[in-house]
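**Q** Dropping the sequence and predicted coords here.
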Amino acid sequence: METLSVRCNHCGAPLQVSDATRFVTCQFCQSSLEVKRTESSIFTEEVAKIAENTGKMAESLEVIALQNEIEKLDRELGLDHMLATKKNASGPVAKIMGTMFGVFFTVVCVLMATGFSKAGAGIFTIVPLGMGVFGIVITIASLRAGLNENSTHSKYQERREALERQLEELKQK
Ligand SMILES: [Zn+2]
C-alpha cells in the first residue's frame with residue numbers, strides 16, 4: 001500500500017495517509033479531515049464542522065419538541081370541546097336556551113308573586129319568589145358556563161401562538 005504525504009488543512013502539520021484512506025484525524029490538532037484527490041494533487045479538507053452540526057441537530061430537536069407541544073395542545077383543546085359538548089348537551093345553543101329559560105322562568109315567578117300578593121295569598125307569596133331566585137341562579141350559571149369556555153379557549157390560543165412564535169424564531173436561525 002502506498003503512503004502519501006498530505007498536510008492538515010487546519011494546522012498545516014504533515015500527515016501520512018495510505019492511498020485508500022478517505023478520512024483521517026490530525027494527530028496534532030485533532031481535526032477530522034477528509035482526504036480529497038484530484039488527478040494532479042492530494043489534499044485534506046476539514047469535515048463539515050461537527051460542532052456546528054451538533055448545534056443544528058439540537059435546534060431541530062427543539063423544533064420537533066415545539067411541534068409536539070402544539071399538537072398536544074390541539075388534542076387537549078379538542079378533548080375539552082368534546083367534554084364541554086357532552087356536559088352541556090349541545091354547546092352555545094343549549095347555553096342560550098338555558099339563559100333564556102332562566103330569564104323567562106324568573107319573569108313568570110315575579111308575575112306569579114305579584115299576582116299572589118294582589119290576591120292576598122300572604123305567606124304563599126314566598127313560593128314564586130323562591131322559584132324566581134332559582135330562575136336567576138339558572139340564568140347566571142348558564143351565562144358563566146359560556147364565559148368560562150371562552151376564557152379556556154383564549155388561554156389555549158395564547159399558549160399556542162407563543163409556541164408558534166418560538167418555532168418561527170428557531171426556523172429563521
Ligand atoms: Zn491539524
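**A** Received the coordinates, thanks. Numbers count the residues shown, from 1 in each chain.

**Q** What degree of burial does residue 163 show, as a neighbour count?
**A** 17 (other C-beta atoms under 10 Å). Heads up, the C-betas are built off the backbone N, CA and C, glycines and all.

**Q** Confirm for me that it is in contact with residue 63.
**A** No - counting by C-beta atoms under 8 Å, residue 163 does not reach residue 63; the two are 11.0 Å apart.

**Q** Once you drop chain neighbours, what's closest to residue 107?
**A** residue 135 (7.9 Å; C-beta to C-beta, 6 or more residues apart in numbering).

**Q** residues in contact with that neighbour?
**A** Contacts here follow C-beta atoms under 8 Å, 6 or more residues apart in numbering; on that basis residue 135 touches 102-109.

**Q** Please list only the buried members of the residues you listed.
**A** 102, 105-106, 109 (16 or more other C-beta atoms under 10 Å).

**Q** now the residue nearest the centre of the chain: how far from the ion?
**A** By C-alpha atoms, centre = their mean, the chain has its centre lying nearest to residue 70, at 2.7 Å. Distance, residue 70 to the ion, by C-beta to the ion, to the nearest Å: 45 Å.

**Q** wait, what's in contact with that residue?
**A** 160, 163-164, 167.

**Q** now do 10 Å
**A** Taking C-beta atoms under 10 Å, 6 or more residues apart in numbering as the contact definition, residue 70 lies against 159-161, 163-164, 166-167.

**Q** So it versus residue 114, what's the distance?
**A** 57 Å (C-beta to C-beta, to the nearest Å).

**Q** Show the pLDDT at residue 8.
**A** Per-residue pLDDT puts residue 8 at 93.

**Q** how near is the closest residue in space to it that isn't next to it in sequence to residue 14?
**A** Of all residues not flanking residue 8 in the chain, residue 26 sits nearest, at 4.2 Å (C-beta to C-beta, 6+ apart). Distance check for residue 26 against residue 14: by C-beta to C-beta, it reads 10 Å.

**Q** of these two, who's got more company?
**A** residue 26 (19 against 10).

**Q** okay, now the domains of this structure?
**A** Here the domain assignment for the chain is 3-47, 52-172, based on automatic domain parsing.
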